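Participant: 3D model of this:
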Amino acid sequence: MRIATFNVNSVNARLAYVLAWLDARKPNAVCFQELKLTTEDFPYDAFRDAGYHAVVHGQKSWNGVAVLTREPAEVVQVGLPGAEHAGSRLVTARVGDWTIASVYVPNGKTLVHPDFELKLEFLAKLRDHVEATVDPSLPYVLGGDFNVVHSDMDSCDPDGMRDAMFHTERERSAMDALLGAGLTDLQRALEPDGKNFSWWDYRGGSFHKNEGLRIDLVLGSASARARVTKVWIDREWRKKKDERTPSDHAPVVADFD
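Facilitator: Numbering: from 1, shown residues only. This is a model prediction of the structure:
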């Protein structure tokens with residue numbers, strides 16, 4: 001079983017790129033974020049031709065999440081209860097005994113912007129939702145762009161960025177609470193000392209200098225943790241392919257027994 005998460009940074013702008021990645025990596029399921037289109041405008045036919053069914057929660061020009069699956073999926077949840085005002089940022093589907101959710105946590109913009117408090121509120125609501133709905137005995141995966149640097153290992157410059165956006169103690173405490181609801185950062189569980197990044201700014205040659213952040217995560221229930229065998233950041237698919245511009249995020253891929 002292969003489950004991935006990928007902030008595509010506009011599915012229409014990167015459709016050919018994403019389809020090529022799906023063909024190369026062949027995940028059984030994938031969580032998309034930052035679709036930047038409505039549910040109705042999602043390119044269902046293109047993904048169906050590639051062998052995927054889609055559960056979509058879109059939003060015009062902004063946000064938007066989806067779960068793609070090889071087998072038809074049951075829709076479990078559309079939107080985060082109590083945080084609908086934050087936009088289209090959570091969708092959950094079930095395939096067999098696997099429940100798979102895609103999340104796009106608000107960026108926060110700046111520490112003094114109202115969206116920063118919205119971000120913390122969203123993470124708190126997400127924590128409540130996980131605690132109320134996730135059965136640890138069943139495989140549950142929450143993949144997404146969390147927009148939080150959870151530890152110093154997840155930043156290229158932890159000292160220089162200390163207490164800056166994504167690095168604050170309030171954001172890290174909110175992530176601690178989410179994990180405390182019964183989830184595990186599956187990549188960190190397998191690589192406790194790994195320093196790998198999933199996002200790099202387009203500017204300043206950040207990708208080639210490896211000046212990035214690890215903000216794209218695959219979290220799992222106790223059952224998913226027991227089955228995971230490998231989690232890796234697909235850095236190869238942050239590179240330009242046939243003159244097609246990649247997202248500023250790399251996919252994160254998790255393999256399970």
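Participant: And the contacts of the longest helix seen in the chain?
Facilitator: In the chain, taking DSSP state H as the definition, the longest helix is helix 114-133. Helix 114-133 has contacts (C-beta atoms under 8 Å, 6 or more residues apart in numbering) with 77, 80-83, 86, 89-90, 103, 105-110, 142, 147-148, 165, 170-171, 174-175, 177-178, 180-183. For the C-beta atoms, the positions are set from N, CA and C on the backbone; glycine is no exception.
Participant: tell me the mean pLDDT for that helix?
Facilitator: Helix 114-133 comes out with an average pLDDT of 98.
Participant: Which neighbours in the sheet does the helix or strand following that helix have, and how are they oriented?
Facilitator: Next helix or strand after helix 114-133 toward the C-terminus (DSSP states H and E): strand 140-145. Strand 140-145 sits in its sheet next to strand 98-104 (parallel), strand 216-220 (antiparallel), going by DSSP bridges.
Participant: want to throw these into CSV with mean pLDDT?
Facilitator: Output for those, formatted as CSV (pLDDT from 0 to 100):
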stretch, mean pLDDT
strand 98-104, 98
strand 216-220, 99
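Participant: Same list, those, but as JSON lines with mean neighbour count and distance to residue 67 please.
Facilitator: Formatted as JSON lines, the strands paired with strand 140-145 follow (neighbours: other C-beta atoms under 10 Å; distance: least, C-beta to C-beta, whole Å):
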{"stretch": "strand 98-104", "mean neighbour count": "26", "distance to residue 67": "5"}
{"stretch": "strand 216-220", "mean neighbour count": "27", "distance to residue 67": "13"}
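Participant: Looks like residue 241 contacts residue 18 (just checking).
Facilitator: No. If you go by C-beta atoms under 8 Å, residue 241 and residue 18 don't touch, sitting 10.5 Å apart.
Participant: one step back: for the strands paired with strand 140-145, could you give me a markdown table that also reports distance to residue 115?
Facilitator: Shown next, in a markdown table, are these (distance: least, C-beta to C-beta, whole Å):
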| stretch | distance to residue 115 |
| --- | --- |
| strand 98-104 | 13 |
| strand 216-220 | 19 |
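Participant: With that, I have no additional questions.
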